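Only the shape, not the letters, is given here:
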């Protein structure tokens with residue numbers, strides 16, 4: 001007996017207010033659109049869009065990533081955004097520009113990057 005999986009249509013959530021999380025690391029870009037509570041509506045990464053290796057950390061890869069995630073989020077009715085940017089990669093500005101080009105109403109932009117507070121213990125002094 002073979003099991004045939006029936007294709008189910010994805011439910012549209014109809015959420016108008018949300019948060020765009022942009023994580024720009026030195027190796028990758030992760031973009032996640034969530035509702036205000038933090039439930040994921042749409043997400044995309046540079047790696048999932050076909051970029052490999054060092055090309056994942058380019059501004060163009062970030063732009064393509066935002067475009068794909070934003071199109072998916074718009075299907076669920078997302079219109080107004082608050083943006084949270086994390087990380088120190090070169091893709092941050094490119095990702096923000098791509099979000100602005102998607103005709104979203106942006107209320108706030110917040111940098112939520114972690115700030116080092118004296119860090120971990122330095123290695124023991126080298127004796128020669």
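All right, it came through fine. Keep in mind that what you see is a predicted model, and the values were worked out from it rather than measured. Numbers count the residues shown, from 1 in each chain.

Show me where the chain has its strands.
Remark: strands assigned in the chain by DSSP state E are 17-24, 29-35, 40-45, 80-86, 105-111.

Redo the ones you listed as TSV? Include mean neighbour count.
Where you see a C-beta, it was placed from the backbone N, CA and C, and this is true even at glycine. Output for the strands of the chain, formatted as TSV (neighbours: other C-beta atoms under 10 Å):
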stretch	mean neighbour count
strand 17-24	22
strand 29-35	23
strand 40-45	18
strand 80-86	18
strand 105-111	11
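
so what's the nearest residue to residue 106 once chain neighbours are set aside up against?
Counting by C-beta to C-beta, 6 or more residues apart in numbering, residue 106 lies nearest to residue 81, which is 5.4 Å off, once chain neighbours are set aside. Applying C-beta atoms under 8 Å, 6 or more residues apart in numbering to residue 81 gives the contacts 18, 19, 20, 33, 99, 104, 105, 106, 107.

Between the strands of the chain, which one is closest to residue 120.
Among the strands of the chain, the nearest to residue 120 by C-beta to C-beta is strand 80-86 (20.4 Å).

re earlier: among the contacts of residue 81, which one sits closest to residue 87?
residue 20 (13.8 Å).

which residues touch that closest one?
31, 32, 33, 81, 82, 83, 84, 99, 104 are the contacts of residue 20 under C-beta under 8 Å, 6+ apart.
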